[in-house]
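Trainee: Let's see this in three dimensions:
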Amino acid sequence: MKTIERNEISRKSIVFTGGGSAGHIMINLVLIKKFREEGWNIHYIGSKHGMEKELVSAYEDVHYYGISSGKLRRYWDWNNVKDPFKVLKGIVQSYFLIRKIKANVVFAAGGFVSVPVVIGGWLNRVPVLIREPDRTFGLANRISLPFATKVCTSYEETGNELPLYKVVHIGGVVREELKEGSLLRGMHETGFTRDKPVLLMMGGSQGARILNEVLATCIDDLLTDFQVVHLCGKGKAEQFSGVERTGYKVMEYAGDELPDLLAMADVVVSRAGSTSLFELLSMRKPMLLVPLSNGSRGEQRVNSEAFQQAGYAEVLPEEDLNGQTLTEAIRALYRDRESYINQMKTVNHDHAADKLVTLIKQTAKTTIPEGL
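Mentor: Residues are numbered from 1 along each chain as shown. Down below sits the predicted model:
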């Protein structure tokens, strides 16, 4: 745990929290960059061993604190007996951390690790903002709602049942670097040409296995019409080792290359996590969505249906997924791509991150109560 220097106290302090999925963490990374530029003291309270710790460690000036955290499951599990005690411990840890930090505001991007931090901020009488990326509230955010000062939503319909003063529609926050991609760099990195359109296949983490298996049955058919970039998921590339086809590039995941891959992609197949959807919307990429069928509350199905109804995407339910249906859906998506692009041009989320920064600054306490 990094100590808090005395000369940092004169600057405003923000506590970020969130974990459990890359989407929850990425929104925080976008905001961290902006608050660093404005000279805020930045602190992150997350799990002791989660991916958020690894990603946040890239910023030497961000203080990271690992706390006890549990998971509240919607099904019977023996861990449901002991995890509430972990959450209680995390609340106590968060309370004293936020008290010591003298935070002006807490921002929670989601995930179960955020629950004790939200409650710890509320106990310290520090304003708390929570963000719900999906169209429906997740369990962690439902628990956090009574302790939140403001709720920030990606979808306009989210939070309709809450008081108007509490809900602020922000839109989808997108990483700015995604728009800095180069088609030419993407072609160079993959060895592709302009002779055929490019299909980008993104399996995500949880859902990559099924998409990988189905793609393997129809890749040769797809390659007659497309060049294919296949993001197969971390640790899953071994099954494709030795498979060499012209116009086919397999990668476990894309880091710095992702902006270039998106720049050259004509159509995209993806799961329906909220972060990915709004990134593809911002890039105006026609998308075929295959929502996870085993999501904790069916959030990917709800997200994908909302995008389909808006005319941004087509949906292929996982239970209907096979080589033939996937190939037919991709070809139909490409054939009608201009209609999806035109519809996506009617919406603009480019300034969502700036709107969120402004809201956080307006909500932050300007002074720290005596005794804290």
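Trainee: all contacts plus neighbour counts: C-alpha atoms, from now on.
Mentor: OK.
Trainee: so where's the stretch 1-150 of the chain uncertain?
Mentor: Screening the stretch 1-150 of the chain residue by residue with the criterion pLDDT under 70, one finds the ranges 1-10, 71-82.
Trainee: how does it look with 50?
Mentor: Residues of the stretch 1-150 of the chain that meet the criterion pLDDT under 50 lie in 1-2, 4-9, 76.
Trainee: hey, where'd the helices end up in it?
Mentor: Taking DSSP state H, counting those that start in this stretch as the test, the helices found in the stretch 1-150 of the chain are 22-37, 51-56, 79-101, 114-123, 139-144.
Trainee: so of these, which one's packed in deepest?
Mentor: helix 114-123 (a mean of 27; mean count of other Cα atoms under 10 Å).
Trainee: between that helix and helix 79-101, how big is the angle?
Mentor: Using axes from the mean of the first three to the mean of the last three Cα atoms, to 10 degrees, the direction of helix 114-123 lies 40 degrees away from that of helix 79-101.
Trainee: So what touches helix 114-123?
Mentor: Residues lying outside helix 114-123 but in contact with it, judged by Cα atoms under 8 Å, 6 or more residues apart in numbering, are 17-19, 45-46, 69, 87-88, 90-96, 98, 105-106, 108, 127-128, 140-141, 143-144, 147-148.
Trainee: what's whatever helix or strand residue 276 lives in packed up against?
Mentor: Here residue 276 sits within helix 274-282, counting by DSSP states H and E. Helix 274-282 is packed against helix 22-37, with contacts defined by 3 or more Cα pairs under 8 Å, 6 or more residues apart in numbering; DSSP states H and E.
Trainee: For the stretch 251-372 of the chain, just list every one of the helices.
Mentor: Chain-ordered helices for the stretch 251-372 of the chain, with DSSP H, counting those that start in this stretch as the definition, fall at 258-264, 274-282, 299-309, 323-335, 337-344, 352-363.
Trainee: export the fourth one as CSV, just CAs?
Mentor: It refers to helix 323-335. Extracted C-alpha coordinates of helix 323-335, given in CSV (Å, rounded to 0.1, in the frame of the first residue of the first chain):
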residue,chain,number,x,y,z
GLY,A,323,-21.4,-22.8,-39.1
GLN,A,324,-24.2,-22.3,-41.6
THR,A,325,-26.2,-19.7,-39.6
LEU,A,326,-23.0,-17.8,-38.8
THR,A,327,-21.9,-17.6,-42.4
GLU,A,328,-25.3,-16.6,-43.7
ALA,A,329,-25.6,-13.9,-41.0
ILE,A,330,-22.2,-12.4,-41.8
ARG,A,331,-22.9,-12.3,-45.5
ALA,A,332,-26.2,-10.6,-44.9
LEU,A,333,-24.7,-8.1,-42.6
TYR,A,334,-22.0,-7.2,-45.1
ARG,A,335,-24.6,-6.9,-47.9
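Trainee: What distance do you get for the closest residue to residue 141 other than its chain neighbours to residue 26?
Mentor: What sits nearest to residue 141 in space, not counting adjacent residues and going by Cα to Cα, 6 or more residues apart in numbering, is residue 110, at 6.6 Å. Separation of residue 110 from residue 26 (Cα to Cα, to the nearest Å): 11 Å.
Trainee: and what of residue 62?
Mentor: Residue 62 sits 15 Å away from residue 26, taking Cα to Cα as the criterion.
Trainee: from the chain's centre, how far out does stretch 131-142 sit?
Mentor: Relative to the chain's own centre, stretch 131-142 is displaced by 12 Å; criterion: Cα atoms, centre = their mean, to the nearest Å.
Trainee: how long is it from one end to the other?
Mentor: Using Cα to Cα, the end-to-end distance of stretch 131-142 comes out at 11 Å.
Trainee: Surely the residue nearest to residue 141 and residue 129 touch.
Mentor: No - taking contacts as Cα atoms under 8 Å, residue 110 lies outside contact range of residue 129: 10.5 Å.
Trainee: count of neighbours near residue 319?
Mentor: By the criterion of other Cα atoms under 10 Å, residue 319 has 10 neighbours.
Trainee: What score does it have for pLDDT?
Mentor: pLDDT recorded at residue 319 is 93.
Trainee: Pull the contacting residues for it.
Mentor: Residue 319 is in contact with residue 293, counting by Cα under 8 Å, 6+ apart.
Trainee: From residue 326, how far out is it?
Mentor: From residue 319 over to residue 326 the distance is 12 Å, taken as Cα to Cα.
Trainee: re earlier: got a markdown table for the helices of the stretch 251-372 of the chain, with mean neighbour count too?
Mentor: Rendered in a markdown table, the data for the helices of the stretch 251-372 of the chain read as follows (neighbours: other Cα atoms under 10 Å):
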| stretch | mean neighbour count |
| --- | --- |
| helix 258-264 | 22 |
| helix 274-282 | 21 |
| helix 299-309 | 20 |
| helix 323-335 | 16 |
| helix 337-344 | 17 |
| helix 352-363 | 16 |
